[in-house]
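J.: need a structure here:
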Amino acid sequence: MNRKKLQKLAESLCKTAKHCEWKTGLPFFTPTSLIATVNKFEVECLIKLFNNLGVEPSDRHAAVGLDRNSFRNILHVTFGMTDDMIMDRVFRAFDKDNDSCVSVTEWVEGLSIFLRGTLEEKMKYCFEVYDMNSDGYISREEMFHMLKNSLLKQPSEEDPDEGIKDLVEITLKKMDYDHDGKLSYVDFENAVRDENLLLEAFGPCLPDMKCRMAFESQAFQDSPDL
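T.: You can find the predicted model right below:
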């Protein structure tokens, strides 16, 4: 991509992005008013990085972008994610048009929330990851599958599933504000606002501070390389 096309795409994405002139090094839960957006230079760096990943369609009818395996590899190597189920859900959260690949637009817009989103944006993102069937609720079954997949099994446990079921009930008791046996977004939002640590209650789907800072220091250069 030549410089002119890069600048034009960056300008277009800056207009649609929700973060601008953002400052690095702020605390994770910084009030929205203190956070500016991804600036044009950083958007250009993310586009360059996307292009450097060598994204090409597997056949001439496929969309151009990062396929599931390539994207999962980035989540694992760069952001330290290991949970297969969560990585698949993160891929779906980035892939807004459901065409089975992450386009350059989805890459920039997703990372702007992934790395620098406000608390509200991160809550919506996490809820989308955890709502496995996209029905607007996190059910007991969804909680069970995510927690079973993410928690380490203890060899001494005769029936680890019982322990996970108990954990689901404890979680519901704490987060199910309307007591209907499942979590709506309102339930999830209220619980997280009361206790921020519940943001990733059902599995790590955001990078930790160390991974975020390492990514930014490497990506936001004139010639980013993953």
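
J.: residues in contact with the spatially closest residue to Ser150 that is not a sequence neighbour?
T.: Counting by CB to CB, 6 or more residues apart in numbering, Ser150 lies nearest to Gly203, which is 4.5 Å off, once chain neighbours are set aside. C-betas here are computed from N, CA, C, even on glycine. With contact set as CB atoms under 8 Å, 6 or more residues apart in numbering, Gly203 has these partners: 83, 85-86, 129-130, 146-147, 149-150.

J.: any chance you could map the strands in this protein?
T.: 66-67, 101-102, 137-138, 183-184 (DSSP state E).

J.: what lines up beside the last one in the sheet?
T.: It stands for strand 183-184. strand 137-138 (antiparallel) (DSSP bridges).

J.: cool, the first one as well?
T.: Based on DSSP bridges, the strands next to strand 66-67 in the sheet, each with its direction, are strand 101-102 (antiparallel).

J.: Could you chop the protein up by domain?
T.: The chain breaks down into these domains under automatic domain parsing: 3-122+206-219, 132-200.

J.: Report all helices and strands that the lowest-mean-pLDDT helix or strand in the chain contacts.
T.: Lowest by mean pLDDT, DSSP states H and E among the helices and strands of the chain is helix 3-16, with a mean of 73. On a contact count with 3 or more CB pairs under 8 Å, 6 or more residues apart in numbering; DSSP states H and E, helix 3-16 meets helix 40-52, helix 104-116.

J.: if we can go back for a sec, and the residue nearest to Ser150, its phi and psi?
T.: Backbone torsions for Gly203, taken as degrees, to the nearest 10, come to phi 140, psi 150.

J.: Let's see the pLDDT reported for it.
T.: For Gly203, the pLDDT comes out at 92.

J.: swap in Asn51?
T.: At Asn51, pLDDT is 88.

J.: what stretches of this structure score poorly on pLDDT?
T.: 1-2, 15-38, 54-63, 152-158, 222-226 (pLDDT under 70).

J.: CA atoms only for the lengthiest helix in it, dumped as CSV, please.
T.: Longest helix in the chain, counting residues (DSSP state H): helix 160-175. The C-alpha coordinates for helix 160-175 follow below in CSV (Å, rounded to 0.1, in the frame of the first residue of the first chain):
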residue,chain,number,x,y,z
PRO,A,160,-15.1,-31.4,39.0
ASP,A,161,-18.3,-30.5,37.2
GLU,A,162,-20.1,-30.2,40.6
GLY,A,163,-17.6,-27.6,41.7
ILE,A,164,-18.1,-25.7,38.5
LYS,A,165,-21.9,-25.8,38.9
ASP,A,166,-21.5,-24.5,42.5
LEU,A,167,-19.3,-21.7,41.1
VAL,A,168,-22.0,-20.8,38.5
GLU,A,169,-24.6,-20.5,41.2
ILE,A,170,-22.3,-18.3,43.3
THR,A,171,-21.6,-16.1,40.3
LEU,A,172,-25.4,-15.8,39.5
LYS,A,173,-26.1,-14.9,43.1
LYS,A,174,-23.6,-12.1,42.9
MET,A,175,-24.4,-10.8,39.4
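
J.: Can you list the helices and strands that that helix packs against?
T.: Checked by 3+ CB pairs under 8 Å, 6+ apart, helix 160-175 has helix 140-150, helix 185-194 packed alongside it.

J.: Go ahead and confirm Ile86 touches Ser150.
T.: Yes. Contact criterion CB atoms under 8 Å: Ile86 and Ser150 qualify, at 7.0 Å.
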